[in-house]
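Undergrad: can you look at this prediction? I've put the sequence above it.
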Amino acid sequence: MPLSDADYHAKAHALLARIEEQIDAWLEADVVDIDTHRTGGLLELSMPGGSKIVLNTQPPLQEIWLAARSGGYHFKWDGSQWVDREDQEFLARLSRCASEQAGQALAFST
């Protein structure tokens, strides 16, 4: 069952805000240097070494897209979490992509 537009926007905004908070905490603790740039529903992560990860909301499809060096992934709300077509949870996939591109283990959590 699809989300209402308001629920989609609330969940997507909360997810992007949580990612920004995690990265800010890593910067403060000197764990990793990731720069973020957010414009509306687009969040760009500039990783060490110059690579990028781009997160983008897709309101008409009620999806969140993740573009990383390893590929592009589309996530839909399954009633309890954001999952892609391979049934991988969003933060787990983002953690793997970020770890690969940063060259160190990084774990995004709820």
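TA: Everything's here; your move.

Undergrad: isn't Leu27 right up against Asp33?
TA: Yes: with contact defined as Cβ atoms under 8 Å, Leu27 and Asp33 form a contacting pair (6.8 Å). (Glycine included, C-beta is placed from N, CA and C.)

Undergrad: for the protein, what spans make up the helices?
TA: Under the criterion DSSP state H, the chain carries helices at the ranges 5-28, 90-102.

Undergrad: buried residues in the first one, which are they?
TA: Right, helix 5-28. Within helix 5-28, the residues that count as buried by 16 or more other Cβ atoms under 10 Å are Tyr8, Lys11, Ala12, Leu15, Leu16, Ile19, Gln22, Ile23, Trp26.

Undergrad: OK, contacts around the fourth one?
TA: To tie it back to what came earlier, the one meant is Leu15. Ile64, Trp82, Phe90 (Cβ atoms under 8 Å, 6 or more residues apart in numbering).

Undergrad: what residues are up against the nearest residue to the first one once chain neighbours are set aside?
TA: Distance criterion Cβ to Cβ, 6 or more residues apart in numbering; nearest residue to Ile64, sequence neighbours excluded, is Phe75 at 4.7 Å. The contact partners of Phe75, taken as Cβ under 8 Å, 6+ apart, are Glu63, Ile64, Trp65, Leu66, Trp82, Val83, Asp84, Phe90, Arg93.

Undergrad: of these, closest to Gly49?
TA: Leu66 (18.5 Å; Cβ to Cβ).

Undergrad: got the contact list for the closest one?
TA: Ile53, Val54, Leu55, Gly72, Tyr73, Phe75, Phe90, Arg93, Leu94, Cys97.

Undergrad: which one among these gets closest to Ser109?
TA: In terms of Cβ to Cβ, no member of the contacts of Leu66 lies closer to Ser109 than Leu94, at 10.5 Å.

Undergrad: how much space separates the residue lying closest to the closest one once chain neighbours are set aside from Lys11?
TA: The shortest distance from Leu94 to any residue that is not its chain neighbour, by Cβ to Cβ, 6+ apart, is 5.3 Å, and that residue is Phe108. Separation of Phe108 from Lys11 (Cβ to Cβ, to the nearest Å) stands at 16 Å.
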